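K.L.:
following is a predicted model, sequence given first.
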Amino acid sequence: MDRLTAETKIKELVKRIERHNRLYYEQDRPEISDQEYDQLMRELTELENQFPELASPDSPTQRVGGEPLPFFEKVVHKTPMLSLGNAFGEADIRDFDRRVRQAVGSQAVRYVAELKIDGLAVSLHYENGMFVRGATRGDGSTGEDITQNLKTIRSIPLKLTKPLTLEVRGEAYMPKAAFDKLNREREERGEALFANPRNSAAGSLRQLDPKIAASRQLDTFIYGIGDLQGETVESHSEGLDLLESLGFKVNKERRVFEDVEELLAFIENWTEKRPTLPYEIDGMVIKVDSYSQQEELGFTAKSPRWAVAYKFPAEEAVTVLEGIEVSVGRTGSVTPTALLKPVSLAGTTVKRASLHNEDIIREKGLLIGDHVVVKKAGDIIPEIIAVLPERRTGSEVPFAMPTHCPECGSELVRLEEEVALRCINPMCPALIREGMIHFVSRTAMNIDGLGEKVVAQLYRDDIIHSVADLYYLHQQRDVLLGMERMGEKSVDNLLAAIEASKENSLERVLFGLGIRLVGAKAAKVLAEHFGHIDAIMQATEEELTQINEIGPKMAASLINYFAQPQAQAVIERLKAAGVNMEYKGIRVESGADLPFSGKTIVLTGTLTQMSRQEAEEAIARLGGKVTSSVSKKTDLVIAGEKAGSKLEKAEKLGVAVMDEAGFLEVLQTATP
């Protein structure tokens, strides 16, 4: 076949395959069998192998999965992927409606109600209509680049119907049929079964080998726009229609409501109908439709005020409390866990439930052998909500908390104003082991390949004794190769992930150290304020408590931690290994005299002298807050070339407008 004939044939095959993808994934009406579809793909693959210069980036062959990756790169989300506040009943929905209407005054309010897909939140980036990057939600600010895995999902368009530059958010999930098929295959191979479709979808997308994700038959629903250039939409429902027209799969089961009674009826209807769907949902999402009203309502520290996630009532089941075991956490707290007779609940098999502390056991009147009612709080965490004393036979026995640590044998203590028993031996194996597991976790240093079992084995085998030892594991490569399930590739990937984690910003290190009372948010506040770990270590209680978010107890905890020789030694070894100890995030300057202090600013059009992200960071440093849409609360619009409807709206509302030259002048004047 000559090149011209091949080019014509490839274009025809691509067109046919993409049509069948849309019919199958978006319209649920396939016209050909799987075998016929596979034959079309084989033809296309053979032609592209024969004429590689004719293979385009949006070819369907890109979906079969490429070479395995050594580890996932980190991606900073341009606009944070915030979680939503929860509603658990009619009263919560009515309260949400009341708050919204109070905030917007006499304006009419419309809500969009959508199914809350139980999957993994993802962000997709397109430039000039081409799919260039996809990432997980991560901690909301930073996710993982899983582009190659997302390309294997056929409902994600590799090329849009318009050459737009945008970022969209959606949910990747595993359909029920694909989940059942996967578990049947794993059972036949004697492998452990996945607990539920959500876990299997998340696990599939975090595989380093894209071919595994390609085999899992994942799907997506796109539910929102994070950033959009070259097109204007005024409402969420309009945005969903645009996404659909661009080729994205958007859930059809969405409705717009002006009346809260109709909204509640819609929720009640889907509460009953959810088992009929071919995919799992765990609630409904309700959003204010108007973007200008969303802007007006704004955000709390954790979630938007213009949206809420309604969680379906938790399923309940009766089972038997067969025992209670205790475990020691990284802070030394001793936590009891209920061991249950296995019971099916909300799509998973429940064998354990948290009991939090001894007081909970006493309050519930629990005896080992009791019949108990179990539910999943928010459809996630198993919890014992009631005891059924009428079913007792007399064989039930009480439970007593241990007086000594089950790991090291030290006497347990109950600190002042605490309900939990605690092991305060700093050399307790549990504290050290759990501390290291926390250090490598996704919310801390996020080291791929260092799961709980691997860390526990490394510690048990006397290979590591503190978190600093992790950064010297390259010196023990042969030892790692001798460990169970650690081949050449696994060890190389692990060492590469450890090396990459050295570049993390200070707040991740600080949170990873597991200092008592210092959570992720406090770690970021401290890192941003002091800039370097040395400054934090040398800070006085007075200097610490001058920071709004740091109280006396946290300040005392920080000072006590950094006074310990063991802690100082660990930090010095981390430094020596090359672990970054400086804050790498945006530093927001303080002071009311900053040019953009307290101002809400919208960027529109194309800037010629800097990227949009650079402009946003500059505005943040000078005290401003960048938002995406113009409203009466906007203080300033900075307009680049080809500024469109946002500029027109600003002029209509009388909002101040600044061109790029004026913006650059402000930056030059404000920069020392």
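P.N.:
Here it is on my side, so go on.

K.L.:
where do the helices sit along the stretch 501-650 of the chain?
P.N.:
For the stretch 501-650 of the chain, helices defined by DSSP state H, counting those that start in this stretch occupy the ranges 506-512, 520-530, 533-538, 541-545, 552-563, 565-576, 612-621, 645-653.

K.L.:
measure how buried the residue nearest to Y291 when sequence neighbours are not counted is and give me the count.
P.N.:
Using Cβ to Cβ, 6 or more residues apart in numbering and skipping residues adjacent in sequence, the residue nearest Y291 is S629, 4.8 Å away. C-beta here means a position set from N, CA and C on the backbone, and glycine is covered the same way. Applying other Cβ atoms under 10 Å, we find 18 residues neighbouring S629.

K.L.:
S629 against E295, yeah?
P.N.:
Yes: between S629 and E295 there is a contact under Cβ atoms under 8 Å: 5.1 Å.

K.L.:
domain map for this structure?
P.N.:
Domain assignment of the chain by automatic domain parsing yields the ranges 3-64, 85-311, 316-391, 429-576, 600-670.

K.L.:
so, low pLDDT: which residues of the stretch 501-650 of the chain?
P.N.:
Along the stretch 501-650 of the chain, the parts satisfying pLDDT under 70 run over 586-593.

K.L.:
in the stretch 301-450 of the chain, where is pLDDT below threshold?
P.N.:
In the stretch 301-450 of the chain, residues with pLDDT under 70: 301, 314, 346-347, 377-381, 417.

K.L.:
and the strands in it?
P.N.:
Taking DSSP state E, counting those that start in this stretch as the test, the strands found in the stretch 301-450 of the chain are 307-311, 316-328, 334-345, 348-354, 371-377, 381-387.

K.L.:
repeat for the stretch 101-250 of the chain
P.N.:
In the stretch 101-250 of the chain, the segments counted as strands under DSSP E, counting those that start in this stretch are 111-117, 120-127, 130-136, 142-144, 165-173, 219-229.

K.L.:
quick one: which of these is nearest H474?
P.N.:
For the strands of the stretch 101-250 of the chain, distance to H474 was read as Cβ to Cβ. The smallest value, 22.6 Å, belongs to strand 142-144.

K.L.:
just checking: what are the partner strands of that closest one?
P.N.:
Strand pairing for strand 142-144, determined by DSSP bridges: strand 74-76 (antiparallel).

K.L.:
same question for the strand it pairs with: list its buried residues.
P.N.:
In terms of neighbour count (16 or more other Cβ atoms under 10 Å), strand 74-76 has its buried residues at K74, V75.

K.L.:
past that strand, which element shows up next along the chain?
P.N.:
Next helix or strand after strand 74-76 toward the C-terminus (DSSP states H and E): strand 85-87.

K.L.:
so what does that following strand touch, helix or strand wise?
P.N.:
Packing partners of strand 85-87 (3 or more Cβ pairs under 8 Å, 6 or more residues apart in numbering; DSSP states H and E): helix 90-104, strand 307-311.

K.L.:
deepest of these, which one?
P.N.:
With neighbours taken as mean count of other Cβ atoms under 10 Å, the helices and strands packed on strand 85-87 reach their highest mean count in strand 307-311, at a mean of 22.

K.L.:
coming back round to it: identify the contacts common to S629 and E295.
P.N.:
The contact sets of S629 and E295 do not overlap (Cβ atoms under 8 Å, 6 or more residues apart in numbering).

K.L.:
before we move on, the earlier item: so which of the helices and strands packed on strand 85-87 gets nearest V440?
P.N.:
So among the helices and strands packed on strand 85-87, strand 307-311 is nearest, using Cβ to Cβ, at 29.8 Å.

K.L.:
how far is that closest one from where the chain is centred?
P.N.:
Its chain's C-alpha centre and that of strand 307-311 lie 17 Å apart, by Cα atoms, centre = their mean, to the nearest Å.

K.L.:
can you dump the C-alpha atoms of that strand in CSV for me?
P.N.:
The C-alpha coordinates for strand 307-311 follow below in CSV (Å, rounded to 0.1, in the frame of the first residue of the first chain):
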residue,chain,number,x,y,z
ALA,A,307,-22.7,23.6,46.3
VAL,A,308,-23.5,20.7,48.6
ALA,A,309,-23.2,16.9,48.4
TYR,A,310,-26.3,15.0,49.6
LYS,A,311,-25.2,11.6,51.0
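
K.L.:
about what we covered before: got TSV for the helices and strands packed on strand 85-87, with distance to I601 too?
P.N.:
Below are those laid out as TSV (distance: least, Cβ to Cβ, whole Å):
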stretch	distance to I601
helix 90-104	21
strand 307-311	23
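
K.L.:
if I look at G138, how far off is T337?
P.N.:
Distance of G138 to T337, computed by Cβ to Cβ, to the nearest Å: 28 Å.

K.L.:
check contacts around the residue nearest to Y291.
P.N.:
Neighbour list for S629: Y291, S292, Q294, E295, V602, K646 [criterion: Cβ under 8 Å, 6+ apart].

K.L.:
would you mind measuring from it to R254?
P.N.:
From S629 to R254 the distance is 21 Å (Cβ to Cβ).

K.L.:
just to revisit the earlier point, of the strands of the stretch 101-250 of the chain, which approaches M554 most closely?
P.N.:
When the strands of the stretch 101-250 of the chain are compared by Cβ to Cβ, strand 142-144 sits nearest M554, at 23.8 Å.

K.L.:
what residues sit buried inside that closest one?
P.N.:
For strand 142-144, burial by neighbour count (16+ other Cβ under 10 Å) applies to T142, G143, E144.

K.L.:
so E325 is in contact with L340, correct?
P.N.:
No: here E325 lies out of contact with L340, judged by Cβ under 8 Å, at a distance of 11.5 Å.

K.L.:
between those two, who's got more neighbours?
P.N.:
The residue with more neighbours, out of E325 and L340, is L340; 22 against 12, by other Cβ under 10 Å.
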